[in-house]
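S.K.: Show me how the following folds:
(2 chains)
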Protein chains: 2
Amino acid sequence: MCEAAKKIEKILGEESVSFDEEDLETHGFSEWSTSNTAQRPVAVVSPRSTEEVSMIAKICHEYNVPMIPFGAGSSVEGNFTAPFSGISIDISRMDQVIALRENDMDVTVQAGVNWVTLNETIEQHGLFLPLDPSPTARIGGMIATNCSGTNALRYGTMKDWVVNLTVVLADGSVIKTRRRPRKTSAGYNLNSLFTGSEGTLGIITEATLKLATIPTHFSVATAAFPTVRDAAAAASNMIRNGIPLAALELMDEVQMKVINQNGGAGGRTWEEAPTLFLKFSGTSDGVQDNITRAQAAVNTHRGSKFQVATTKEAMKSLWAARKEALWAMLAIRPEGTQIWSTDVAVPLSHLAEIIELSKKESGRLGLFSSVLGHVGDGNFHQAVMYNPNIPEEKDAVAHCVDDMMVRALKMDGTVSGEHGIGLGKKACLEKELGVNTINVMRALKRSLDPRWLMNPGKIFDEEETPAA
Amino acid sequence: MCEAAKKIEKILGEESVSFDEEDLETHGFSEWSTSNTAQRPVAVVSPRSTEEVSMIAKICHEYNVPMIPFGAGSSVEGNFTAPFSGISIDISRMDQVIALRENDMDVTVQAGVNWVTLNETIEQHGLFLPLDPSPTARIGGMIATNCSGTNALRYGTMKDWVVNLTVVLADGSVIKTRRRPRKTSAGYNLNSLFTGSEGTLGIITEATLKLATIPTHFSVATAAFPTVRDAAAAASNMIRNGIPLAALELMDEVQMKVINQNGGAGGRTWEEAPTLFLKFSGTSDGVQDNITRAQAAVNTHRGSKFQVATTKEAMKSLWAARKEALWAMLAIRPEGTQIWSTDVAVPLSHLAEIIELSKKESGRLGLFSSVLGHVGDGNFHQAVMYNPNIPEEKDAVAHCVDDMMVRALKMDGTVSGEHGIGLGKKACLEKELGVNTINVMRALKRSLDPRWLMNPGKIFDEEETPAA
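M.R.: Prediction:
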């Protein structure tokens, strides 16, 4: 492996290859993730172009070295860990916007472009890329995990915004999945195959993405409910009635309390009750109309304290609690504790039930946990606090997360709504889909990566787990 | 092959297998299509369940017999032809709605369900499946070709509505791609891989589909323009300004003349000029607001005769010309002539140019042709009339279609916006994507269908075309 890295260094130059311990650590371990391994990559390489990635892949292929694409390192399921060591391919220097075509409403970027930077660049043209994962995330990683976020209810997930991809395959060959039509039914949908494949099929080096027009008017509202079930019922009512919400988020009473404990958010003390956060966007009249209809749904389901913000400042303040949710949770945790954050998604009608059951269990196990849901998608996150040095707590949280997966599957849901499978959820995925379906994925991977070098050990293992 | 068919007959019963010449003809030849072969399947089998399809596939696999899924026979690129003969698997008896879950806003159906029937069944729940291909189309075929239609601008294409698929693979094994989450990032996106794969990877037997809420208010408008370029500019203006149109269709002056020649439509004589057909849906205020904004865009780009309909009757009348476009073209054609109908899609800014160039060329070649565009998607259809018994005309139309493909590719577009590749556009697809990308598709297919039995000869051939 080191020989391969040295060979790459010779070609790319010293400044593009690092053997520094700290670099290997940040590229092989994440404190955001509960799925880490003891292994580290032997080197971190930082290419600047598709050609350089292709060259790296050719060398890794020749030397049989695992290749692990690395974006911003914000994934949480161990997606960029190096269980078989190998070379970490850091795309952060591939940060060029190649072409913005405002009349076609698309943009071509290198995979290392950060989405916040991209949106700041194109805002002047009234366009934006409507995904909102971690603010640090880079396009390549966003595509590899099929990211989403609070905007997914209105705008879908990453796969819905990909026009074409340039991908370096395991042997270093380069393909482009498509040209630039917004709509096509020409050949297999390779965009969607690579999107969400977590770097196991190839390394995404460039992408052309659709862009959306920035709506002219926005508004934000919040409402408190006596129970999670009432909040979920109100959310369901809004969706079933086709109110075109831009976002529909739920935070439970614990999460609201955490916000208050952390000094409030948006300069206010919040009702410590299950709370819906709504975003509206569109024309002035349209937004007003949607607010009226949403408020009716809130009232029908025992909601109260319906607050609306329409100025930029007021919206920011009202949305602050939602925005700061994760940070607040991290800020209040006692020293030595960690957060196990995970997500599942279920059919809409089961959401209230699974949240209630999951809260009940973590409570029963004596674990502090909060819930944050993208309820319009049937998707929710539970963040459980635990001390990894206390074996009982570690076991309890693992048990709690495992049960949450089992429940999601019982309700015909998925073990990952938006974080991917990575290292952490492979066993769950097999329970979700069954071995025949996983074997189809294995066959597809093997056909493109027969030596099993692309981010090995993620999503599923090379060999079928032998029956017990 | 006949032996395999006989074996299937023995198990499924005589009523499920046909050797009738006429059945073989309707299942192997389409007058809608310009891509036909001389070959016919040896038998048509009509299973009733996934288990029966699996059994059929096992026998075909054993006997090395090509399997050609057949939905409604409405595809136009020779997608269900039998170039290597084989067995046609007609899914029309698999027409059961298995489960409607209105609170989850999804439905599970057998692949043979017709979308119009489905929408009639679920209308009472305020839900619908928002694709609108040929009214005869069945879900399995709609998924296999990733169909769309006039609603695609607002609602996307078939791939955006698939929650999970039950698929019978080449060897008869059965997989389910997913459970029932509306959002997921768990494992490879097999939904999107099978969607649009035209039966070359497996036979879709069941599907769970997302449903949309039926909007409360609708409206329809039309406007005439001096040139196609003005109409396209107005359309582009509406899209860039984010007017949430439900449909945005263009018909050129020839197509409007054809409507008039066929007795008008909706009880009126139409302006024989490039015409935009707009659909609006949403709340009462929202629709009104959108109409106002659309009219402003029409006025900016030299449009006139802006007509709006809001009652059900008036909307039907105003939309009639769009709805009857293809039928009118078929009705007015002189005996002995055929219509070559094909579509391409290009980046939005190139649409006016490619339509103008395509019209100019067919004019120059003395061919009668009309244009119909899903302009919001950069997608348009040209229907060219020709007499297949006059070699010059046949050559001219083939030339004309080929040039249209070349132009679409020059503009970075696709050779198929919504009809798929089938038999007819294989060479074009290779020009579009290049041999490396096609080889990735070949590798994927081979991994799931090593004997190359699933709808062989479609999308791409088994062997790379040797260099000339």
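
S.K.: Can you list the low-confidence ranges for the stretch 1-150 of chain A?
M.R.: Scanning the stretch 1-150 of chain A for pLDDT under 70 picks out nothing.

S.K.: Do any residues in stretch A:410-425 lie close to chain B?
M.R.: Yes: contact between stretch A:410-425 and chain B, assessed by CB under 8 Å from any CB of the partner chain, occurs at A:412-421, A:425. Every residue, glycine included, has its C-beta placed from N, CA and C.

S.K.: Can I get those in JSON lines including pLDDT and secondary structure?
M.R.: Below are the residues of stretch A:410-425 next to chain B laid out as JSON lines (pLDDT from 0 to 100; DSSP: H, G, I helix; E, B strand; the rest coil):
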{"residue": "A:412", "pLDDT": "97", "secondary structure": "coil"}
{"residue": "A:413", "pLDDT": "97", "secondary structure": "coil"}
{"residue": "A:414", "pLDDT": "97", "secondary structure": "strand"}
{"residue": "A:415", "pLDDT": "96", "secondary structure": "coil"}
{"residue": "A:416", "pLDDT": "95", "secondary structure": "coil"}
{"residue": "A:417", "pLDDT": "93", "secondary structure": "coil"}
{"residue": "A:418", "pLDDT": "91", "secondary structure": "coil"}
{"residue": "A:419", "pLDDT": "92", "secondary structure": "coil"}
{"residue": "A:420", "pLDDT": "95", "secondary structure": "coil"}
{"residue": "A:421", "pLDDT": "96", "secondary structure": "coil"}
{"residue": "A:425", "pLDDT": "94", "secondary structure": "coil"}
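
S.K.: element containing residue A:89, please.
M.R.: strand A:87-90 (DSSP states H and E).

S.K.: Heading C-terminal from that strand, find the next helix or strand.
M.R.: strand A:97-101.

S.K.: anything in the helix or strand that that following strand is followed by near chain B?
M.R.: Next helix or strand after strand A:97-101 toward the C-terminus (DSSP H and E): strand A:106-110. Yes: contact between strand A:106-110 and chain B, assessed by CB under 8 Å from any CB, occurs at residue A:106.

S.K.: for stretch A:195-214, same thing?
M.R.: Yes: Stretch A:195-214 lies within reach of chain B by CB under 8 Å from any CB, at A:195-197, A:201, A:212-214.

S.K.: Near chain B, which residues of the stretch 301-450 of chain A are found?
M.R.: A:345-349, A:374, A:377-379, A:409, A:412-421, A:425, A:429, A:432-434, A:436-438, A:440-441, A:443-444, A:446-448.

S.K.: which of those residues count as buried?
M.R.: A:345-349, A:374, A:377-379, A:409, A:412-421, A:425, A:429, A:432-433, A:437-438, A:440-441, A:444, A:447-448 (16 or more other CB atoms under 10 Å in any protein chain shown).

S.K.: Tabulate the residues of stretch A:195-214 next to chain B (a markdown table), appending secondary structure, neighbour count and pLDDT.
M.R.: Shown next, in a markdown table, are the residues of stretch A:195-214 next to chain B (DSSP: H, G, I helix; E, B strand; the rest coil; neighbours: other CB atoms under 10 Å in any protein chain shown; pLDDT from 0 to 100):
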| residue | secondary structure | neighbour count | pLDDT |
| --- | --- | --- | --- |
| A:195 | coil | 29 | 98 |
| A:196 | coil | 27 | 98 |
| A:197 | coil | 28 | 98 |
| A:201 | coil | 27 | 98 |
| A:212 | strand | 16 | 97 |
| A:213 | strand | 17 | 95 |
| A:214 | coil | 16 | 96 |
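
S.K.: Mind picking the two most distant members of those?
M.R.: With distances taken as CB to CB, the most widely separated pair in the residues of stretch A:195-214 next to chain B is A:201 and A:214, at 33.3 Å.

S.K.: partners of the strand holding residue A:89 in the sheet?
M.R.: strand A:43-45 (parallel), strand A:67-70 (parallel) (DSSP bridges).

S.K.: Just the residues contacting that strand, thanks.
M.R.: Residues outside strand A:87-90 that contact it (CB atoms under 8 Å, 6 or more residues apart in numbering or on different chains) are A:1, A:4-5, A:8, A:24, A:27-28, A:41-47, A:53, A:56, A:60, A:65-70, A:80, A:82, A:203.

S.K.: For PyMOL, write a command that selects the buried ones of those residues.
M.R.: If you want just the buried ones from those in PyMOL, going by 16+ other CB under 10 Å, the selection is:
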select buried, chain A and resi 1+4+5+8+24+27+28+41+42+43+44+45+46+47+53+56+60+65+66+67+68+69+70+80+82+203
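
S.K.: Next, work out how far apart residue A:142 and chain B are.
M.R.: 11 Å (CB to the nearest CB, to the nearest Å).

S.K.: Work out the gap between the helix or strand encompassing that residue and the centre of the chain.
M.R.: Using DSSP H and E, residue A:142 sits within helix A:139-144. Between the centre of helix A:139-144 and the centre of its chain there are 9 Å (CA atoms, centre = their mean, to the nearest Å).

S.K.: near chain B, anything from whichever helix or strand comes after that helix?
M.R.: Using DSSP H and E, the helix or strand that follows helix A:139-144 in sequence is helix A:152-155. Yes: with CB under 8 Å from any CB as the criterion, chain B is reached by helix A:152-155 at residue A:152.

S.K.: what about helix A:152-155, average pLDDT?
M.R.: Averaged over helix A:152-155, pLDDT sits at 93.

S.K.: Same check on stretch A:347-355?
M.R.: Mean predicted lDDT for stretch A:347-355 stands at 95.

S.K.: What is the end-to-end distance of that stretch?
M.R.: Terminal residues of stretch A:347-355 lie 13 Å apart, using CA to CA, to the nearest Å.

S.K.: Contacts for that stretch, please.
M.R.: A:228-229, A:231-233, A:235-236, A:239, A:250, A:252, A:344, A:346, A:371, A:373, A:375, A:378, A:380, A:404, A:407-408, A:411-413, B:101, B:103-106, B:180-182.

S.K.: May I see the buried residues of stretch A:324-333?
M.R.: A:324-326, A:328-330, A:332-333.

S.K.: Let me know the closest of the residues you listed to residue A:95.
M.R.: residue A:326 (25.0 Å).

S.K.: Who are the contact partners of the closest one?
M.R.: Counted by CB under 8 Å, 6+ apart, residue A:326 has contacts A:341, A:372, A:383.

S.K.: Fine, thanks again, bye for now.
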